[in-house]
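Colleague: Would you be able to build a 3D model of this:
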Amino acid sequence: MYAMCHYSSPLGRLTLFAEGDSLTGLHFDNQRVDKRFLVGHDEHFLPIFEETCSWLDRYFSGVNPGPVPSVRFSGSLFQTKVWKILQQIPYGCIMTYGQIADLIATERSISRMSAQAVGGAVGHNPVGIIVPCHRVIGAHGALIGYAGGLDRKEALLKIEGIDLKRFDVLVYKNASIKV
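Modeller: Okay, the predicted model is just below:
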């Protein structure tokens, strides 16, 4: 059974889902939602929602909101690996789908991994904004795909002070990301 609540953001209403003390979903109202979130939920306010709403308030005010609320993933091993990489992209930084694919290929000791496969996993991220899939862009700074809409992706990047015209400067190249 999922609990849910709503949050009014400057970019539209968000619906938050949780199980116990972990966030399991965060979606803009007009975005595609995993069917498991559409049944068996109860509208009541959990402590994780209070923590998440406070985090979102700080985020939308344009400051680094600090540590993210607890998240529980439900996806394939590959999706979970990609989502954990997303969680390591620092506020105000971006990575490309290709960079994430390269990280996974290196970890698996294979010559290459499909950036499109990474894009598929990123596109199924159930916890938008908190798990920052908006910080993943295409090669050369192209805004590619975002379940909440490309206009929102661009707005989220601007909130974090990211100017894609400075693409080469902003791409996160720190080797501290763990796969």
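Colleague: Mind pulling up the pLDDT for the closest residue to T52 other than its chain neighbours?
Modeller: Among residues not flanking T52 along the chain, P69 sits closest, at 4.7 Å (Cβ to Cβ, 6 or more residues apart in numbering). Using the backbone N, CA and C atoms, a C-beta is placed for each residue, glycine as well. Looking at P69, its pLDDT is 97.
Colleague: Just give me the longest helix of the protein.
Modeller: Ordering each helix of the chain by length in residues (DSSP state H) puts helix 47-60 first.
Colleague: Check the offset of that one from the chain's centre.
Modeller: Remark: helix 47-60 is offset 15 Å from the chain centroid, using Cα atoms, centre = their mean, to the nearest Å.
Colleague: ok, now stretch 65-81?
Modeller: Distance, stretch centre to chain centre, for stretch 65-81: 9 Å (Cα atoms, centre = their mean).
Colleague: Buried by neighbour count: which residues of that stretch qualify?
Modeller: Neighbour counts over stretch 65-81 (16 or more other Cβ atoms under 10 Å) mark P65, V68, P69, V71, F73, Q79, K81 as buried.
Colleague: where along the protein do the helices fall?
Modeller: Assigned by DSSP H, the chain shows helices spanning 47-60, 77-87, 97-108, 115-123, 150-159, 167-170.
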